[in-house]
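**Student:** No sequence on hand, only this structure:
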């Protein structure tokens, strides 16, 4: 019933390296997604701040007419 196969150090190292490569690949993919999402959110925030600032400036701005005598 008991199988007498021995697990060598090389077997463990190869499995751990494969696992580590897989995890690093997934982390790199998630990092790219996070950077893209962060830049999109930052762009939206800047655009909203600009538009809301323009609107507020229009409400506060006084209309001045210059007339020549």
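**Tutor:** Sure, I can see it. Remember, it's a predicted structure, so these values are computed and weren't measured experimentally. Numbering: from 1, shown residues only.
**Student:** what about residue 46, distance to residue 32?
**Tutor:** Separation of residue 46 from residue 32 (C-beta to C-beta, to the nearest Å): 22 Å. Bear in mind the C-beta positions are built from the backbone N, C-alpha and C, glycine included.
**Student:** element containing residue 7, please.
**Tutor:** In this structure, residue 7 is located outside every helix and strand according to DSSP states H and E.
**Student:** what residue ranges in this protein are flagged as low confidence?
**Tutor:** 1-4, 57-64, 69 (pLDDT under 70).
**Student:** The chain: helices as residue ranges?
**Tutor:** In the chain, the helices defined using DSSP state H lie at 9-60.
**Student:** Now do the contacts for residue 24.
**Tutor:** Listed by C-beta atoms under 8 Å, 6 or more residues apart in numbering, residue 24 has no contact partners.
**Student:** Quick check: it vs residue 53, distance?
**Tutor:** 43 Å.
**Student:** Repeat that for residue 21.
**Tutor:** Counting by C-beta to C-beta, the gap from residue 21 to residue 53 is 48 Å.
**Student:** Check residue 23 too.
**Tutor:** Counting by C-beta to C-beta, the gap from residue 23 to residue 53 is 44 Å.
**Student:** and if you look at residue 9?
**Tutor:** Relative to residue 53, and taking C-beta to C-beta, residue 9 is found at 64 Å.
**Student:** Tell me which of these two has more neighbours.
**Tutor:** residue 53 (10 against 7; other C-beta atoms under 10 Å).
**Student:** Next one: the more buried one from residue 46, what distance?
**Tutor:** In terms of C-beta to C-beta, residue 53 sits 11 Å off from residue 46.
**Student:** and if you look at residue 21?
**Tutor:** Distance from residue 21 to residue 46, by C-beta to C-beta: 38 Å.
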